[in-house]
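Engineer: mind folding the following:
(one chain, ligands or ions: 1)
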Amino acid sequence: MIELVFATNNAHKLEEVQAMVGDKFCLKSLHDIDCQDDIPETGITFQENAQQKTDYLVNKYGLYCFGDDSGLEIDALNGEPGVYSARYSGTRDMEQNIDLVLEKLGDTANRTARFKTVISLYLNEKQLFFEGAIEGTIIKERKGVKGFGYDPIFIPNGYDITFAEMSPEEKNAISHRSIAVSKMAEYLKNL
Ligand code: ITT
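Structural biologist: Next comes the predicted model:
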């Protein structure tokens, strides 16, 4: 088995990705390798932030690893909140972050947006990136209570319900994160 560190402390994410990459790889979390550092995320693109995570682990521990960064890009806001998705309003409070998005959009007719994930993988002395995106629109009021983040205001194209109205299975089948993870899993399986 090849050990691969996933730059996350989210046990749920780790379990989900482990199931997708199969038993050729044994995934470890930051907790598993005793890394309690606050890994910098200062890039201006998802790719830069994802790579900062793997660069950090490679430099400090010399381990094979991957890390991801995600967020919401709204066209009428020039791609914001983008890499600032988690703290758009200056806090991590998602009520305030969503309020700010809705306030900035106001009655704007152009409400197209996408969720994006970029994964950086460092394995066998190679640096690779995998990207996933899902297009949709931002509605004017929150709908649904499932999921997290901006899910209550995002309707993916081809659907008439928000991510927050979908079951986790339904969302995971089409989400930006699962698209990026599937691409990485496909690459790892064919190694
Ligand atoms: P880690 O970096 O510690 O994993 P994070 O909260 O920064 O946690 P992400 O980089 O995956 O997580 O995403 C950044 C923000 O983008 C996240 O806090 C949400 O506000 C938003 N976001 C990402 N994926 C989302 C999704 O599937 N649904 C709703 N919002 C999402």
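Engineer: near the ligand, which residues of this protein?
Structural biologist: Residues of the chain lying near the ligand by C-beta under 6 Å from any ligand atom: 8, 10, 69-72, 85-86, 115, 147-151, 163, 175, 177. (Glycine included, C-beta is placed from N, CA and C.)
Engineer: which SS class is residue 142?
Structural biologist: The three-state label given to residue 142 by DSSP: H, G, I helix; E, B strand; the rest coil is coil.
Engineer: just the residues of the chain next to the ligand: which are in strands?
Structural biologist: 69-72, 115 (DSSP state E).
Engineer: biggest helix in this protein by residues?
Structural biologist: helix 46-61 (DSSP state H).
Engineer: how about that one: buried residues?
Structural biologist: By 16 or more other C-beta atoms under 10 Å, the buried positions in helix 46-61 come out as 46-58.
Engineer: how far away is the residue of the chain found nearest the ligand from residue 189?
Structural biologist: Using C-beta to the nearest ligand atom, the closest approach of the chain to the ligand is made by residue 149 at 2.2 Å. Separation of residue 149 from residue 189 (C-beta to C-beta, to the nearest Å): 29 Å.
Engineer: looking at these two, which is more packed in?
Structural biologist: Taking other C-beta atoms under 10 Å, residue 149 and residue 189 do not tie; residue 149 has more neighbours (18 against 12).
Engineer: so the more buried one sits against residue 93, correct?
Structural biologist: No. Counting by C-beta atoms under 8 Å, residue 149 sits too far from residue 93 to count as a contact (11.6 Å).
Engineer: buried members of the residues of the chain next to the ligand into PyMOL, please.
Structural biologist: Provided next is the PyMOL selection string for whichever of those are buried by 16+ other C-beta under 10 Å:
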select buried, resi 8+69+70+71+72+85+115+147+149+150+151+163+175+177
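Engineer: just the ones in helices from the residues of the chain next to the ligand, please.
Structural biologist: Filtering the residues of the chain next to the ligand for helices - DSSP H - leaves residue 177.
Engineer: okay, now the unreliable bits of the chain?
Structural biologist: For the chain, no stretch has pLDDT under 70.
Engineer: check contacts around the spatially most central residue of the chain.
Structural biologist: Residue closest to the average C-alpha location in the chain (C-alpha atoms, centre = their mean): residue 70, at 3.1 Å. By C-beta atoms under 8 Å, 6 or more residues apart in numbering, the residues touching residue 70 are 46, 85, 115-118, 176-177.
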